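Enquirer: here you go, sequence then predicted model.
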Amino acid sequence: MKVTDFDFELPAELVAQHPATPRDTARLLEIGATLHDRTLRDLPRLLRPGDLLIYNDTRVIKARLHGRRGTASIEVTLHKRETVATGSRWRAFARPAKKLKAGDVVEFAPGFVATVAEKGEAGEVTLDFPLGGEAFFAALERHGVMPLPPYIRRGKAGDKLDESDYQTIWGDKPGAVAASTAGLHFTDRLAAALDAAGIRRVAVTLHVGAGTFLPVKVEDTKDHVMHAEWGEIGSATAAAIEATRTAGGRIVAVGTTALRLLETVAAATGRVDAWSGETDIFIVPGFRFRVVDMLLTNFHLPRSTLFMLVAAFAGLERMRAAYAHAIRERYRFYSYGDACLIHRADGT
């Protein structure tokens with residue numbers, strides 16, 4: 001399909017710069033055969049007892065670093081961890097990458113440095129850090145900045161509020177460099193209301209990479225290559241999914257990250273089994289969904305892989321109509337914005 005098929009005009013003032021307060025007061029557009037304007041607090045009554053909510057328990061690390069190579073200022077955003085025997089190796093986007101070459105040392109703080117192992121394309125570099133394990137993540141916590149997407153405007157030092165605003169209440173496995181933004185809407189109060197309504201929930205882990213912010217630069221979707229991300233589904237989660245499907249309950253993915261991981265694992269057999277590994281699944285209209293019946297997600301960028309995914313899930317014309325309605329009704333868009341509850345076009 002042509003990438004222009006997924007384009008739309010969005011007024012800049014609808015791009016949210018901060019989340020709703022409290023989080024569960026965000027607006028919710030229910031998208032099925034018809035559209036319904038709701039709020040996140042309506043979610044427990046929109047689901048059924050026996051439905052299974054699947055969320056991503058990844059935790060965002062402070063992956064944006066400012067440093068120097070000699071006298072040159074360098075900004076890097078870590079996006080994918082590589083396996084090494086000692087220290088830490090990360091693929092990262094660097095600005096300006098033209099000032100870096102293999103062997104250069106970038107200092108981010110005293111005792112916190114990285115060596116450029118290699119240069120890739122489109123501003124990507126591979127960095128080797130002498131620090132590893134907990135010491136590395138502690139250094140990130142001290143010296144890094146939350147890696148907000150480029151459409152959220154912050155100064156170089158960031159905003160301290162983002163350190164909590166850009167984490168979900170379930171995030172406890174460090175490794176993501178972007179939030180599972182659908183999960184940002186949940187509060188302890190909303191979780192308790194879901195419990196009371198008989199809606200169960202289980203976790204998967206997908207460490208979201210900064211590649212999620214990269215624009216699609218090709219003209220045809222068949223030519224786009226996704227960045228790989230690491231994920232894991234535990235045996236207890238796999239068993240809960242199978243039990244829910246057997247009992248007639250619905251699988252409700254909290255966010256496109258959870259959906260992509262579930263559909264990656266189910267692509268071969270239709271089942272979700274315990275699994276860990278990397279996924280670069282790219283979902284466009286025509287994709288056959290095997291697991292997820294409903295999707296809770298935010299409003300996405302035009303021409304983005306995520307808007308392509310929701311168009312595959314609900315139908316392109318339905319999503320175009322839903323986004324046009326959301327723009328008319330002044331919904332707030334993107335990571336800190338409002339949400340959609342989408343029924344799969346061929347499902348419930």
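Expert: Perfect, thanks for sending it. Numbers count the residues shown, from 1 in each chain.

Enquirer: isn't Gly87 right next to Gly132, touching?
Expert: Yes - Gly87 is within contact range of Gly132, at 4.6 Å (criterion: C-beta atoms under 8 Å). Any C-beta I mention is one placed from the backbone N, CA and C, and that applies to glycine too.

Enquirer: tell me the secondary structure for Leu127?
Expert: Judged by DSSP: H, G, I helix; E, B strand; the rest coil, the three-state class of Leu127 is strand.

Enquirer: tell me what it is bridged to.
Expert: Trp90, Val116 (DSSP bridges).

Enquirer: got the contact list for it?
Expert: Val76, Leu78, Arg89, Trp90, Arg91, Ala92, Val106, Ala114, Thr115, Val116, Ala117 (C-beta atoms under 8 Å, 6 or more residues apart in numbering).

Enquirer: again with Asp5
Expert: Counted by C-beta under 8 Å, 6+ apart, Asp5 has contacts Leu316.

Enquirer: how far away is it from Pro285?
Expert: 9 Å (C-beta to C-beta, to the nearest Å).

Enquirer: try Val292
Expert: 16 Å.

Enquirer: with Arg64 instead?
Expert: Arg64 is 34 Å from Pro285, by C-beta to C-beta.

Enquirer: burial count for Ser164?
Expert: 10 (other C-beta atoms under 10 Å).

Enquirer: would you say it is within a helix?
Expert: Yes - assessed with three-state DSSP, Ser164 lies in a helix.

Enquirer: which one of the contacts of Leu127 is nearest Ala267?
Expert: Set against Ala267, the nearest of these by C-beta to C-beta is Arg91 (25.0 Å).

Enquirer: the closest one touches Lys80, doesn't it?
Expert: Yes - counting by C-beta under 8 Å, Lys80 is a contact partner of Arg91 at 4.3 Å.

Enquirer: got a pLDDT number for Pro149?
Expert: pLDDT for Pro149: 87.

Enquirer: do the same with His227
Expert: His227 is given a pLDDT of 83.

Enquirer: hang on, the earlier thing: now the common contact residues for Gly87 and Gly132.
Expert: By C-beta under 8 Å, 6+ apart, no residue touches both Gly87 and Gly132.

Enquirer: so where do the helices sit in the stretch 201-348 of the chain?
Expert: 235-247, 256-266, 305-314, 316-328 (DSSP state H, counting those that start in this stretch).

Enquirer: go through those and name the closest to Arg59.
Expert: helix 256-266 (12.8 Å).

Enquirer: pLDDT below threshold where in the stretch 101-250 of the chain?
Expert: Counting by pLDDT under 70, the stretch 101-250 of the chain has low-confidence residues at 211-213.

Enquirer: what do you get if the cut-off is 90, keeping everything else the same?
Expert: 120-123, 133, 147-150, 154-160, 209-217, 222-228 (pLDDT under 90).

Enquirer: what about the strands in it?
Expert: Ranges of strands in the stretch 101-250 of the chain, per DSSP state E, counting those that start in this stretch, are 105-109, 112-119, 124-129, 173-176, 200-206, 229-233.

Enquirer: I figured Lys62 hits Phe137, correct?
Expert: No - using C-beta under 8 Å, Lys62 is not in contact with Phe137; the gap is 9.1 Å.

Enquirer: out of the two, which sits in the more crowded spot?
Expert: Ranked by neighbour count (other C-beta under 10 Å), Lys62 and Phe137 place Lys62 first, with 21 against 17.
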